[in-house]
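1. 3D, please:
(one chain, ligands or ions: 2)
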Amino acid sequence: MQIVILSRQAALYSTRRLVEAAQSHGHQVKVLDPLRCLVEINGRQLASSTPAAAAVIPRIGASITEFGCAVVRQFEQGGIWALNPAAGIARSRDKLLSMQLLRGRGIPMPRTAVVGRPQGLQRAIQAVGGLPVVMKLRRGTQGRGVVLVRSLAAARRAHSVLNDYQHYTLVQEFVAEARNRDIRVIVVGREAVAAMERQAAPGDFRANLHRGGSARPFRLNEGMKRLAVKAAEVHEVGFAGVDLLMTSRGPAVIEVNSSPGLQGIETTTGVDVAGAVIAFVEEQCGDPTGFEDQEADQVAAAPGVLTAVA
Ligand SMILES: Nc1ncnc2c1ncn2[C@@H]1O[C@H](COP(=O)(O)OP(=O)(O)O)[C@@H](O)[C@H]1O
Ligand SMILES: [Mg+2]
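-> Ligands and ions are numbered 1, 2, ... in the order given. Sure thing, here's the model as predicted:
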């Protein structure tokens, strides 16, 4: 079948691995830079300009979430199956929305509050169990915009910086007992296919590999697998990196990433995550041989045009 990978850089490890896996499964694959796509909401010449594909694998970076989601949505409106639909990507990128959705489904998470005006900070800190607390940007990623504060004065300073961007800030219970470690679980479809424990670099509490964290393979128990799969399901994403913290009350979800990096997890665990992703795409898109006709109809029904411009 034909698979489009939406990615800004074909040379990135994750993109390369997905291309390799798709090709080794006998598929044709095209890497398309979402920023090079022109979305014509009510264009006409559909079949000729919307890239033909059975499936789209979005790898939308956090800096281009909104436009990237518009491009993914355009594929979806053309009847093309998206591994992670635009709505799912948007849910996972908004930490506040994500937490509310998880809470709504009874998924354990650290106590979290949201505060707009600085006058509300003290109440927010009390609400999550007192200092120290973690404060987060609503749309941060790779550990940026996540700070640990130990005093009200520091919380005020952090709030004034974080709030400048987004009008409100997340205040979260600091899970000290996790000892600067978290667990990254890779979910593909309804399965937790790989997991690693990440340890923050000395002097940091954020275990992100982009912040210098180190990783080792982790053996999940059934409860943790179910938790990670449910967290991905709540966001309606087919491929996710779910971050868990081991709290004294048990594992808790802190984040669902909709474009999880493959390099750290594959090199740490030896699991062929890219292969698992492509196998899931095949399973969802049905019989690849019966696809050609269906594709033409679906694209023709698209309410708009998506053109890849050089
Ligand atoms: N409430 C918390 N208690 C302890 N550590 C946390 C907490 N929240 C986040 N961390 C640490 O900070 C890292 C980054 O936080 P996260 O919410 O995943 O944001 P990002 O999107 O930047 O990865 C986590 O991987 C974890 O190591
Ligand atoms: Mg994270």
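2. Would you agree Q172 is in contact with V115?
-> No - using Cβ atoms under 8 Å, Q172 makes no contact with V115, being 11.2 Å away. Where C-beta positions appear, they are placed from N, C-alpha and C, glycine not excepted.
3. buried sites along stretch 118-130?
-> Neighbour counts over stretch 118-130 (16 or more other Cβ atoms under 10 Å) mark 120-121, 124-125, 127-128 as buried.
4. How about stretch 81-98?
-> Residues of stretch 81-98 classed as buried: 81-93, 95-96, 98 (neighbour count, 16+ other Cβ under 10 Å).
5. How about stretch 224-239?
-> In stretch 224-239, counting by 16+ other Cβ under 10 Å, buried: 224-225, 227-239.
6. which one among those gets closest to ligand 2?
-> Set against ligand 2, the nearest of these by Cβ to the ion is A231 (12.3 Å).
7. what's the following helix or strand after the helix or strand hosting that closest one?
-> Counting by DSSP states H and E, the element that carries A231 is helix 222-235. For helix 222-235, the following helix or strand on the C-terminal side (DSSP H and E) is strand 239-247.
8. now whatever helix or strand comes next after that next one against helix 222-235, angle please.
-> Tracing the chain C-terminally past strand 239-247 and defining elements by DSSP H and E, one meets strand 250-257 next. Per axes from the mean of the first three to the mean of the last three Cα atoms, to 10 degrees, the angle that strand 250-257 makes with helix 222-235 is 40 degrees.
9. which parts of the helix or strand that strand 250-257 is followed by are buried?
-> The C-terminal neighbour of strand 250-257 among helices and strands, as given by DSSP H and E, is helix 263-269. Judged by neighbour count (16+ other Cβ under 10 Å), helix 263-269 contains these buried residues: 264-266, 268-269.
10. Now, the buried residues of stretch 81-98 that are in strands?
-> Under the assignment DSSP state E, the buried residues of stretch 81-98 contribute 81-82 to strands.
11. which two from the buried residues of stretch 81-98 end up farthest apart in space?
-> W81 and L96 (28.6 Å; Cβ to Cβ).
12. Disregarding residues adjacent in the polypeptide, which is nearest to R16?
-> For R16, ignoring the flanking residues on the chain, the nearest one in space by Cβ to Cβ, 6 or more residues apart in numbering is A10 at 7.2 Å.
13. measure that neighbour to ligand 2 for me?
-> Distance of A10 to ligand 2, given as Cβ to the ion, to the nearest Å: 25 Å.
14. Neighbours of the residue in the stretch 51-200 of the chain that ligand 1 sits nearest to, how many?
-> Residue of the stretch 51-200 of the chain nearest ligand 1, by Cβ to the nearest ligand atom: V175 (3.7 Å). Applying other Cβ atoms under 10 Å, we find 21 other residues in the vicinity of V175.
15. again with D164
-> Neighbour count of D164, defined by other Cβ under 10 Å: 8.
16. where are the low-confidence patches of this protein?
-> 43-51, 165-166, 287-310 (pLDDT under 70).
17. Next to ligand 2, which bits of it? Give me the list.
-> Contact residues (Cβ under 5 Å from the ion) of the chain with ligand 2: 243, 255.
18. per the record, what domains does the chain have?
-> Listed domain ranges for the chain are 2-84+287-308, 91-107+177-258, 112-174 (source: automatic domain parsing).
19. looking at those domains, which is closest to A276?
-> Once the domains of the chain are compared by Cβ to Cβ, domain 91-107+177-258 is nearest, at 4.7 Å.
20. Can you give me the end-to-end span of that closest one?
-> With Cα to Cα, to the nearest Å as the measure, domain 91-107+177-258 spans 9 Å from end to end.
21. any idea how far it is from the chain center?
-> 11 Å (Cα atoms, centre = their mean, to the nearest Å).
22. That one close to ligand 1?
-> Yes - Domain 91-107+177-258 reaches ligand 1 (Cβ under 6 Å from any ligand atom) through 178, 182, 200, 205-208, 243, 245, 254-255.
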